[in-house]
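Visitor: Could you look at this predicted model? Sequence included:
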Amino acid sequence: MLTNSSMAQFIVSGNVYDSSKVVPVKNVIVKSSFGSTTKTDSLGHYDIMVREEDSLTFIYNNKSTLKFSVKQIQNLAQFDISLLVRVNEKYKILKEVRVYSNTYRQDSLENRIDNRDVFGYQKPGISTTTDSYSGGAGLDLDELINVFRFRRNRQLQSLQKRLEEEEQDKYIDYRFNKRLVKRITRLDSAELDTFMKIYRPDYLFTSTSSTVQFYQYILDASYQFKSEMLMQKKKEEQ
């Protein structure tokens, strides 16, 4: 859990891919300046314990990347990098490292593009046009017809609202994911599932809170949850 104390320890997680951003790179050494070391697994995933003042270095085939300051990592739960190497080619040198993430914003943008007809919908009104011959004002026939399409308009409004709600739910799932919650709370199995249902945050808090605030909420909620679980067990034993 990240705090103001430089002695506090917390976990940075992510994946390492080759230049294709698709193929994971295993056995990449991930090293912190504090002294923690780990390796990526067969899926290119890593978890490493760090301090706030730390920096991370990725080492592959005895070649290291530049150092990444932990303070500048925006998403501690998904710090993915792409090495400018191909795993099916003879390794030469790490000339470049690209930090990237298939973020919720990208997914949301794709959703908006795919459903642009719905998100671009606006409640129609009556507009006027000018007759080029007479110069007189008249009703726009297309707009007039659209006004009377009440059923279609209501359906579009309903679909737009539902898509926006789905976007919000996906964003909550993106930040309040099981891997992160499990790592912070140390809960597992049924208890973890129950905790995530009871303490699922709303969209406003999820979208506006910082990483520190969000992690602190999960940690505080876990203390309350565990306390309530303990009290319940005591009652059952009586």
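Guide: Arrived safely, thanks for sending.
Visitor: How confident was the prediction at Ile184?
Guide: You'll see Ile184 listed with a pLDDT of 88.
Visitor: before we move on, what about Ile11?
Guide: According to the per-residue confidence, Ile11 scores 90 in pLDDT.
Visitor: if I look at Tyr203, how far off is Lys234?
Guide: As defined by CB to CB, to the nearest Å, Tyr203 lies at a distance of 36 Å from Lys234. C-beta coordinates here come from the backbone N, C-alpha and C atoms, glycine included.
Visitor: before we move on, what about Leu204?
Guide: Between Leu204 and Lys234 the distance is 36 Å, computed by CB to CB.
Visitor: now Leu84
Guide: The spacing between Leu84 and Lys234, counted by CB to CB, is 58 Å.
Visitor: quick one: which of these two has more around it?
Guide: Taking Leu84 and Lys234 together and counting by other CB atoms under 10 Å, Leu84 has the greater number of neighbours (14 against 9).
Visitor: Please tell me the pLDDT value assigned to the more buried one.
Guide: Per the predicted model, pLDDT is 82 at Leu84.
Visitor: again with Tyr91
Guide: The per-residue pLDDT of Tyr91 was computed as 43.
Visitor: mind checking the SS state of Asn27?
Guide: Using DSSP: H, G, I helix; E, B strand; the rest coil, the three-state assignment for Asn27 comes out as coil.
Visitor: how much space between it and Lys161?
Guide: Taking CB to CB as the measure, Asn27 falls 48 Å from Lys161.
Visitor: With Asp202 instead?
Guide: As for Asp202, its distance to Lys161 is 17 Å (criterion: CB to CB).
Visitor: Next: Asn61.
Guide: Computed with CB to CB, the distance linking Asn61 and Lys161 is 52 Å.
Visitor: Show me which of these two is the more surrounded one.
Guide: Neighbours of Asn61 and Lys161, each counted by other CB under 10 Å, are more numerous for Asn61; the result is 14 against 11.
Visitor: Ramachandran angles for the more buried one?
Guide: When read as degrees, to the nearest 10, the backbone of Asn61 gives phi 50, psi 40.
Visitor: Next one, pLDDT for it please.
Guide: 87.
Visitor: Ok, Lys234 next?
Guide: In this model, Lys234 carries a pLDDT of 83.
Visitor: Against Glu228, how distant is it?
Guide: From Lys234 over to Glu228 the distance is 11 Å, taken as CB to CB.
Visitor: for Ile59, same thing?
Guide: 45 Å.
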